[in-house]
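S.K.: task: produce atomic coordinates for the following.
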Amino acid sequence: MTIVEGIVLKERSVGEQDKFIDILTRESGVIEVSVKGARKINGKSGSSTQLLAYSRFCVDRRGNYLYLNSAEPIHIFYGLRGSLTKVSLASYFAEVMRFCIKPEAQNGDIMRLLLNCLHFLENGERGESMIKSLFELRLMSDIGYMPDVVACKGCGVYEPEELFFCIGDGGFYCSDCFAKDGGSDYMKVKLPVLSAVRHIVLSDFDRLFNFRVSEETQQRLSALAESYLLTHLERSFGTLDFYKTIV
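M.R.: Residues are numbered from 1 along each chain as shown. Have a look, this model is predicted:
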């Protein structure tokens, strides 16, 4: 018997009474757990195995499979369910996590990222667009795709007024250098967007959510972050497509 804390990323019904749940854990990556008699479970145990529930799970291993013995909720994020856009965006986060995080991986910072994004999304303390951009860029950095945002790849200038960010390799050129070496996979942005990207990918976690940008900067940041994640993961996400139809 093992006790783990984690976030439910997906539920899949099996037969009339059972289901499987995918759980993001700190110690073991994403694990799949069988929940017997799931539709008969109510109260705290039932809510503990819902999508996006952050719970403490007691699981038994039998052969190659894990079975739920019991569960108790830590935080259910009920506040997300009152908004279609919030729960849709949270579902996108969960789908991306399921794709990116492998079994047996250590994921302390990544799980903390998801928990904090869900917290700010639930409480409305940050805009959905900002949380989405922050999630996309910080997750990509944490799994090995951190963009190179220190200086222009051509001349090394640190704060160009205008720059061209390469979605494919994550570097950038100032306007002068881009005229010589630029390609087609670039997005033109201004310095405030670069400063926001630098904060998201380089700051200590305790300061991660402590920034504000203008609406114009956020629009460009949103486009950059989404494009960067989709390009490097080389796939689309149905939950993202749905979210974009209702925003």
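
S.K.: surely R56 is in a strand?
M.R.: Yes - under DSSP: H, G, I helix; E, B strand; the rest coil, R56 sits within a strand.

S.K.: wait, it sits on T2?
M.R.: No - R56 lies out of contact with T2 (Cβ atoms under 8 Å); the separation is 11.2 Å. The way it works is simple: take the backbone N, C-alpha and C, and place the C-beta from them, glycine included.

S.K.: wouldn't P73 be in contact with S47 here?
M.R.: Yes - using Cβ under 8 Å, P73 is in contact with S47, at 5.6 Å.

S.K.: give me the common contacts of these two.
M.R.: Jointly contacting P73 and S47 under the rule Cβ atoms under 8 Å, 6 or more residues apart in numbering are A53.

S.K.: please save the CA atoms from the longest helix seen in the chain in CSV.
M.R.: For the chain, the helix reaching the highest residue count under DSSP state H is reported as helix 215-233. Only the C-alpha atoms of helix 215-233 are listed here, as CSV (Å, rounded to 0.1, in the frame of the first residue of the first chain):
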residue,chain,number,x,y,z
GLU,A,215,-3.3,44.5,-22.6
GLU,A,216,-1.3,45.0,-25.8
THR,A,217,1.7,43.3,-24.4
GLN,A,218,-0.4,40.5,-23.1
GLN,A,219,-1.9,39.9,-26.5
ARG,A,220,1.5,39.4,-28.1
LEU,A,221,2.7,37.4,-25.1
SER,A,222,-0.3,35.1,-25.5
ALA,A,223,0.4,34.5,-29.2
LEU,A,224,4.1,33.9,-28.6
ALA,A,225,3.6,31.5,-25.6
GLU,A,226,0.9,29.4,-27.3
SER,A,227,2.8,29.1,-30.6
TYR,A,228,6.0,28.2,-28.7
LEU,A,229,4.3,25.3,-26.8
LEU,A,230,2.5,23.9,-29.8
THR,A,231,5.6,24.1,-32.1
HIS,A,232,7.9,22.3,-29.6
LEU,A,233,5.3,19.7,-28.6
